[in-house]
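Visitor: Pasting a predicted model and its sequence here:
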Amino acid sequence: MCRVLLISPQATLDPARAGWDNRFVKQRRQDFTSRFGYAPDMLASAEAATIICDPKVKEEAMHVSLFHAENTKIYRMPFLSGHIEKIFLSQNLFKDVILRINNGENATKGFVDLLRRRRKYLHYYAFRTQNLIKTGDNAFRLWQCRKEWFRALSMTKITLTRPDDWHLHLRDGVMLKAVLPETTRDFDRALIMPNLVPPVVSAKDAAHYKRRILDALPSGTFFEPKMTLYLTESTNADDLTSAYKEGLITALKLYPAGATTNSASGVTNFDAIRPVLEKMAEIGCPLCVHGEVTDPSVDIFDREAVFIERVLDPIRQKTPGLKVVMEHITTKEGVEYVKSVDAGLAATITTHHLFINRNHILAGGIRPHYYCLPVAKRESHRLALREAATGADPRFFLGTDSAPHFDHLKEAA
């Protein structure tokens, strides 16, 4: 014997018995003489049945009226049409009610709690207001409902954890002091890019740069800069190991030489950095990658996909255990590459690559302020990024790539 819980059930969709319900017309094609039978009869073998419904929905009330066996208990929850399950979950009531039903206890208390807590659920007021307008109820009741609705809105509070920015350029000197407050206003931590002139290539450089950042913080501000080293073909493996183990740095940054701003000191011979990559895999230090080839024969819109094939995948295959973050990915290929592996690979996504595609740069005239590296791609790539950013995969996360530039350089023709 079993106990059954039904939420807004349909007794049947057989047009011969429920032709008055036009909400699920396509389902009328089913065979109602076998598998899809008459629900009230199907409950006859249950030890007990509990039904939750909204009596203000005409069809719902008519269906429930067909369930009248002695083993059936009906709880009516008005003005919650289509949202009964959501409010149960949002108010953490499902577990309590199901346990009570499963144990054969009286579940009335759980439903009384639900009736009380629905006043904290905004949809309740929205649906109730709509019902009052539809039925032409008196103005006082309508005003009272709207008043309760606004009171519920004023009680609603959303608390957001201050986020982290896992790709940030602060530059140095006067520019550092000018842009740092824009980050500290909204972010608790940020991964600081090392492509200064000259770049941050050693533990000593990182320590000095971190001190300059902390000295530039606005008074009373909490902010934790997470430092990186600029990976070159002469990077000292012992120096980076010491810096990483002491907590001075969080990652190393790989720039292919010439790929972006201040990347002239980057890597041209990837075999030359293999000993450093092997040491990083050994100690668990992540490698952050600007993932574009610089080969002039490769179209600028294909450089990320080609980098994955020619450079990144061979590096990962030859260096087992290396943790890699593909920074500011811009392509569907980048998203698919991250999803194709089980561990050790992640990616940051910028906000601007979620909003713009290459038409914003080129269609109707060139707009230099939309130009950035890596350059925005086709709309299909933007949609792939958006799906990754809004999905549940924790391997995709925010890196704004906020990077100040002087106007006369950005607008140069």
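Guide: Sure, I can see it.

Visitor: So for the closest residue to Phe222 other than its chain neighbours, what pLDDT did the model give?
Guide: Closest residue in space to Phe222, ignoring its immediate chain neighbours: Asp188 at 7.0 Å, by Cβ to Cβ, 6 or more residues apart in numbering. (Each C-beta comes from the backbone N, C-alpha and C, glycine too.) Note for Asp188: predicted pLDDT of 93.

Visitor: With Met77 instead?
Guide: Predicted confidence (pLDDT) for Met77: 78.

Visitor: Could you check how far it is from Pro55?
Guide: Distance of Met77 to Pro55, given as Cβ to Cβ, to the nearest Å: 8 Å.

Visitor: And for Val179?
Guide: Using Cβ to Cβ, we find Val179 at a distance of 59 Å from Pro55.

Visitor: Comparing those two, which residue is more hemmed in?
Guide: Val179 (18 against 15; other Cβ atoms under 10 Å).

Visitor: give the contact list for the closest residue to Lys56 other than its chain neighbours.
Guide: Excluding the flanking residues, the one nearest Lys56 by Cβ to Cβ, 6+ apart is Pro78, at 4.7 Å. When contacts are counted by Cβ atoms under 8 Å, 6 or more residues apart in numbering, Pro78 touches 54-56.

Visitor: and the residue nearest to Phe222, how far is that from Glu224?
Guide: Look at Asp188 and Glu224: by Cβ to Cβ, they are 7 Å apart.

Visitor: Just the element for the closest residue to His405 other than its chain neighbours, please.
Guide: Sequence neighbours aside, Thr261 is the residue nearest to His405 in space, at 7.7 Å (criterion: Cβ to Cβ, 6+ apart). Using DSSP states H and E, Thr261 maps to neither a helix nor a strand.

Visitor: how near is Ile361 to His408?
Guide: Going from Ile361 to His408 by Cβ to Cβ gives 20 Å.

Visitor: oh sorry, the question was meant for Val201
Guide: Between Val201 and His408 the distance is 28 Å, computed by Cβ to Cβ.

Visitor: more neighbours, those two?
Guide: Set Val201 next to His408 and count neighbours by other Cβ under 10 Å: Val201 wins out with 21 against 7.

Visitor: List the residues that contact the more buried one.
Guide: Contacts of Val201 by Cβ under 8 Å, 6+ apart are 194, 229-230, 232, 235, 265.

Visitor: Out of those, who's the most crowded?
Guide: Ranking the contacts of Val201 using other Cβ under 10 Å puts Leu229 first, with 27 neighbours.

Visitor: ok but it is inside a helix, no?
Guide: No. Using DSSP: H, G, I helix; E, B strand; the rest coil, the assignment for Leu229 is strand, not a helix.

Visitor: Quick one: classify the residue lying closest to it once chain neighbours are set aside as helix, strand or coil.
Guide: Leaving aside its sequence neighbours, Leu229 sits nearest to Leu252 (Cβ to Cβ, 6+ apart; 5.0 Å). Under three-state DSSP, the three-state class of Leu252 is strand.

Visitor: does Leu252 really touch Ile283, like I thought?
Guide: No. Using Cβ atoms under 8 Å, Leu252 makes no contact with Ile283, being 10.9 Å away.

Visitor: who's more crowded, the two?
Guide: Leu252 (25 against 11).

Visitor: Just the CA atoms of stretch 261-281, as CSV, please.
Guide: Extracted as CSV, the C-alpha positions of stretch 261-281 are listed here (Å, rounded to 0.1, in the frame of the first residue of the first chain):
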residue,chain,number,x,y,z
THR,A,261,48.5,45.1,-24.9
ASN,A,262,52.0,45.0,-23.4
SER,A,263,52.6,41.4,-24.5
ALA,A,264,55.9,42.0,-26.3
SER,A,265,57.7,40.0,-23.5
GLY,A,266,55.5,37.0,-24.0
VAL,A,267,56.3,33.5,-25.3
THR,A,268,57.3,32.7,-28.8
ASN,A,269,58.9,29.3,-28.2
PHE,A,270,56.4,27.2,-26.2
ASP,A,271,58.9,24.3,-25.8
ALA,A,272,61.2,26.7,-23.8
ILE,A,273,58.6,27.0,-21.0
ARG,A,274,57.9,23.3,-20.6
PRO,A,275,60.1,22.9,-17.5
VAL,A,276,58.2,25.8,-15.8
LEU,A,277,54.9,24.3,-16.8
GLU,A,278,55.9,20.9,-15.4
LYS,A,279,56.9,22.6,-12.1
MET,A,280,53.5,24.4,-12.1
ALA,A,281,51.7,21.1,-12.5
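
Visitor: what does that stretch rub up against?
Guide: Stretch 261-281 has contacts (Cβ under 8 Å, 6+ apart) with 169, 195-199, 201, 230-233, 235, 237, 240-241, 252, 254-259, 285-287, 290, 311, 315, 318-323, 373, 403, 405.

Visitor: what separates it from the chain centre, distance-wise?
Guide: On the basis of Cα atoms, centre = their mean, to the nearest Å, stretch 261-281 is displaced by 31 Å from the centre of the chain it belongs to.

Visitor: Just the mean pLDDT for that stretch, thanks.
Guide: 90.

Visitor: Equivalent analysis for stretch 372-387, please.
Guide: Rounded mean pLDDT across stretch 372-387 is 95.

Visitor: Tell me the residue in this structure that is farthest from the middle.
Guide: Residue farthest from the centre of the chain, counting by Cα atoms, centre = their mean, is Glu70 at 47.6 Å.

Visitor: Could you tell me how far that residue is located from Leu5?
Guide: Distance of Glu70 to Leu5, computed by Cβ to Cβ: 17 Å.

Visitor: For the helix or strand hosting Ala178, name the packing helices and strands.
Guide: Ala178 belongs to helix 173-184 when assigned by DSSP H and E. Counting contacts by 3 or more Cβ pairs under 8 Å, 6 or more residues apart in numbering; DSSP states H and E, helix 173-184 packs against helix 203-215.

Visitor: Next one, pLDDT for the residue nearest to Pro15 when sequence neighbours are not counted please.
Guide: Using Cβ to Cβ, 6+ apart and skipping residues adjacent in sequence, the residue nearest Pro15 is Arg28, 5.0 Å away. Predicted confidence (pLDDT) for Arg28: 76.

Visitor: Could you look up the SS state of Arg28?
Guide: Criterion first, three-state DSSP; result for Arg28: helix.

Visitor: where's it relative to Arg185, distance?
Guide: To Arg185, Arg28 is 58 Å away according to Cβ to Cβ.
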